[in-house]
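Novice: below is the sequence, then the predicted model.
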2 protein chains.
Amino acid sequence: MSQQRHGSTSGNGARAGAVSAFPDLPEATIARLPEYLRALHNLGEGGADTISSEGLAAAAGVNSAKLRKDLSHLGSYGTRGVGYDVALLIEQIEYVLGLDQRRAVCLVGVGNLGHALAGYDGFASRGFKIVALLDADPAKVGERIHGLIVRHIDELPAVAVEETIAIGVIATPAGAAQAVADELVTAGVTSILNFAPCVLSVPANVDVRKVDLAIELQILSFHEHRKASLTALPGGRSATGAGNQEAVGS
Amino acid sequence: MSQQRHGSTSGNGARAGAVSAFPDLPEATIARLPEYLRALHNLGEGGADTISSEGLAAAAGVNSAKLRKDLSHLGSYGTRGVGYDVALLIEQIEYVLGLDQRRAVCLVGVGNLGHALAGYDGFASRGFKIVALLDADPAKVGERIHGLIVRHIDELPAVAVEETIAIGVIATPAGAAQAVADELVTAGVTSILNFAPCVLSVPANVDVRKVDLAIELQILSFHEHRKASLTALPGGRSATGAGNQEAVGS
DNA sequence: AGGCGCTTGTGAACGCGTGCACAAATCGCG
DNA sequence: CGCGATTTGTGCACGCGTTCACAAGCGCCT
Ligand SMILES: NC(=O)c1ccc[n+]([C@@H]2O[C@H](COP(=O)([O-])OP(=O)(O)OC[C@H]3O[C@@H](n4cnc5c(N)ncnc54)[C@H](O)[C@@H]3O)[C@@H](O)[C@H]2O)c1
Ligand SMILES: NC(=O)c1ccc[n+]([C@@H]2O[C@H](COP(=O)([O-])OP(=O)(O)OC[C@H]3O[C@@H](n4cnc5c(N)ncnc54)[C@H](O)[C@@H]3O)[C@@H](O)[C@H]2O)c1
């Protein structure tokens, strides 16, 4: 039990006072903001100063109406007849996502996958910093990867004291994932990204997101199956198929 | 343009005749079926013969009503007062997902991430088989990884002839992803799993799914930001937070 | 055979997300 | 200074997905 949905359905919403008034963004919107952000960075590097909703939507692979509605939830940062100021919009989205402060990431499980993640430069460039690599295997402990030394999982509490860990990444086998998650929670981590193919039970105040390769492949397999059974039918050639672009993770 | 949604909104649906009558499953349902399948395999190995919707829902991390509705779309494979036959349900879900036939996967880009994917045993155990590893770097070509030899990307057409590729996986830098996608499509691949952080343009009959780490982290970052700004407010301790478990991929 | 408890399957209500279509707003130009 | 072109911001309607609640069905026990 205990796994609910994000549901910001708590009725606390925005009070009369202008204390902090955190924007009560729809979950679907915040899932797309990173995509907009990446598109904006690309456009900015391309020398663009302003961008229309149509242009940005194309770059992000979404409908322009959806994009405008998403951005309108952040406030009015566009100019009618002109478009959005790229630099300003980047700043706003980064603020909302909390990327203005570099967040510390702790990676647990330096195996096949963990090794690749540890060497990924896409972390640093997006505002994250891996501050610790942890593993239970004594043979792995001490190994140096991209300037970081692998430490033993038992040192997690110590690591948490040295630096406030914002996000814990689990890249251990499924059998160890729940135990690792428990330890992360005990150490004060309130956001977990789980690569192990299993369900995690965590307290209500902890956010868990899961990335599961096999699920993605199986969904694609379904559509292959469907397409195959369709082309084998009367209908005709193609035309019935539907392209898509499901955003999933990174 | 060109990127629409899955939308099986084509009105062809189920004809009067019982030709193949492919179940017109909601997209949200098929995204959860792999999760149910994994839970069922675990339960089966645990010696369970039958399982109630409540039990299976708990194992898969979802609401039991949702699970029953999902399964009801496949037909009536449960027994009232008893539950679902584990083996039968596994068989049915695997059939619907098209996992009864082993699907060939082609991995393009054997770098940091591609190396990890190539060595992942989670593919084989879920009904997939990597049949080719491709890369553009001459230094990588010829390398042996887990019994497969890395071949040059130019050999893709030849590979496609040798074996029908069901799914292409892109693990190249973002700059090369669109070109690789085009080559995959030309080679006849109609399902793509993209790890590069960019939007792909593909014909309407090709399915693309994307896995983006950075997006996952940024979503978690947002919730960290939100939680931080909440605990700093009058309210009280916690209780307002919301646990969750977003399924994403694998 | 009948009744009782348990579990599935589903009708109905609700809420969220999407997309259309347009009014409001801004810029540039004559 | 006013007008038209352009683009944002949003009210509204629709469809999908989720959840509740319960009738129908099944097995077991007496
Ligand atoms: N390799 C991939 O491409 C891939 C893809 C998708 C998902 N996954 C999943 O990611 C996870 C890791 O996969 P992998 O291929 O890297 O496996 P791996 O066996 O290569 O690595 C697992 C690592 O976790 C460490 N570990 C085990 N128990 C631990 C514990 N209690 N605390 C800390 N560390 C512990 C092990 O020492 C090992 O180094 C698995 O759950 C796998 O299903 C892997
Ligand atoms: N490493 C990670 O943990 C990680 C995580 C998430 C996403 N990604 C993304 O996955 C992709 C790969 O990451 P990586 O760390 O493995 O990078 P990498 O540079 O280590 O590997 C890229 C590989 O692609 C090959 N390649 C380049 N152009 C090619 C082409 N046209 N055809 C075929 N092969 C080509 C290169 O030779 C190289 O071997 C990137 O887009 C990255 O953003 C990586």
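Specialist: Received the coordinates, thanks. Ligands and ions are numbered 1, 2, ... in the order given.

Novice: make it CA atoms for all contacts and neighbour counts henceforth
Specialist: Will do.

Novice: state the distance from A:Gln34 to A:Leu184.
Specialist: No Gln there; residue A:34 is Pro. If you measure A:Pro34 against A:Leu184 using Cα to Cα, to the nearest Å, the figure is 25 Å.

Novice: swap in A:Cys198?
Specialist: Counting by Cα to Cα - A:Cys198 and A:Leu184 are separated by 16 Å.

Novice: neighbour count: the two, which is higher?
Specialist: A:Leu184 (25 against 21; other Cα atoms under 10 Å in any protein chain shown).

Novice: and the gap between the more buried one and ligand 2?
Specialist: Separation of A:Leu184 from ligand 2 (Cα to the nearest ligand atom, to the nearest Å): 21 Å.

Novice: what does A:Pro157 give?
Specialist: 25 Å.

Novice: please, which helix or strand holds that residue?
Specialist: helix A:156-162 (DSSP states H and E).

Novice: now that helix, how far from the chain's geometric center?
Specialist: Per Cα atoms, centre = their mean, to the nearest Å, the displacement of helix A:156-162 from the mean C-alpha position of its chain is 24 Å.

Novice: and after it, which helix or strand comes next?
Specialist: Proceeding N to C from helix A:156-162, the next assigned helix or strand is strand A:167-170, under DSSP H and E.

Novice: from the contact counts, what lies against whichever helix or strand comes after that following strand?
Specialist: Beyond strand A:167-170 in the direction of the C-terminus, DSSP H and E gives the next helix or strand as helix A:174-186. Counting contacts by 3 or more Cα pairs under 8 Å, 6 or more residues apart in numbering or on different chains; DSSP states H and E, helix A:174-186 is packed against strand A:167-170.

Novice: what's the mean pLDDT across the helix holding A:Pro157?
Specialist: Mean pLDDT, helix A:156-162: 97.

Novice: need the contact partners of it.
Specialist: Helix A:156-162 has contacts (Cα atoms under 8 Å, 6 or more residues apart in numbering or on different chains) with A:Ala132, A:Leu134, A:Glu183, A:Leu184, A:Ala187, A:Gly188.

Novice: likewise for stretch A:182-191?
Specialist: A:156-157, A:160, A:165-168, A:202, A:205-208, B:220, B:224.

Novice: go again with 6 Å.
Specialist: A:Pro157, A:Ile167, A:Val206, A:Asp207, A:Val208 (Cα atoms under 6 Å, 6 or more residues apart in numbering or on different chains).

Novice: same thing with stretch A:218-233?
Specialist: B:Leu97, B:Gly98.

Novice: try it again at 8 Å.
Specialist: Here stretch A:218-233 has contacts from A:237-238, A:241, B:20, B:22, B:30-31, B:34, B:96-99, B:103, B:166-167, B:190-192, B:207, B:209, using Cα under 8 Å, 6+ apart.

Novice: what's the average pLDDT for that stretch?
Specialist: Computed over stretch A:218-233, the average pLDDT equals 88.

Novice: centre of the chain to that stretch, how far?
Specialist: 29 Å.

Novice: list the buried residues for it?
Specialist: A:Gln218, A:Ile219, A:Leu220, A:Ser221, A:Phe222, A:His223, A:Glu224, A:His225, A:Arg226, A:Lys227, A:Leu230 (16 or more other Cα atoms under 10 Å in any protein chain shown).

Novice: tell me which helix or strand the fifth one sits in.
Specialist: Secondary structure here is read from DSSP H and E; on that basis A:Phe222 sits in helix A:213-231.

Novice: so that helix, near ligand 2 or not?
Specialist: No. Figure legend: helix A:213-231 not in contact with ligand 2 (Cα under 6 Å from any ligand atom); closest approach 11.9 Å.

Novice: touching DNA strand D at all, that helix?
Specialist: No. For a cut-off given as Cα under 7 Å from any atom of the strand, helix A:213-231 has no contacts with DNA strand D; the smallest distance is 13.3 Å.

Novice: for chain A, what spans make up the strands?
Specialist: A:50-51, A:78-79, A:83-85, A:103-108, A:128-135, A:144-145, A:148-152, A:167-170, A:191-194, A:207-210 (DSSP state E).

Novice: put the alpha carbons of the fourth one into PDB.
Specialist: Think strand A:103-108. Provided in PDB are the C-alpha atoms of strand A:103-108 (Å, rounded to 0.1, in the frame of the first residue of the first chain):
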ATOM      1  CA  ARG A 103      21.300  19.300  -7.000                       C
ATOM      2  CA  ALA A 104      23.400  16.500  -5.500                       C
ATOM      3  CA  VAL A 105      22.800  13.000  -6.800                       C
ATOM      4  CA  CYS A 106      23.900   9.800  -5.200                       C
ATOM      5  CA  LEU A 107      24.300   6.700  -7.400                       C
ATOM      6  CA  VAL A 108      23.900   3.300  -5.800                       C
END
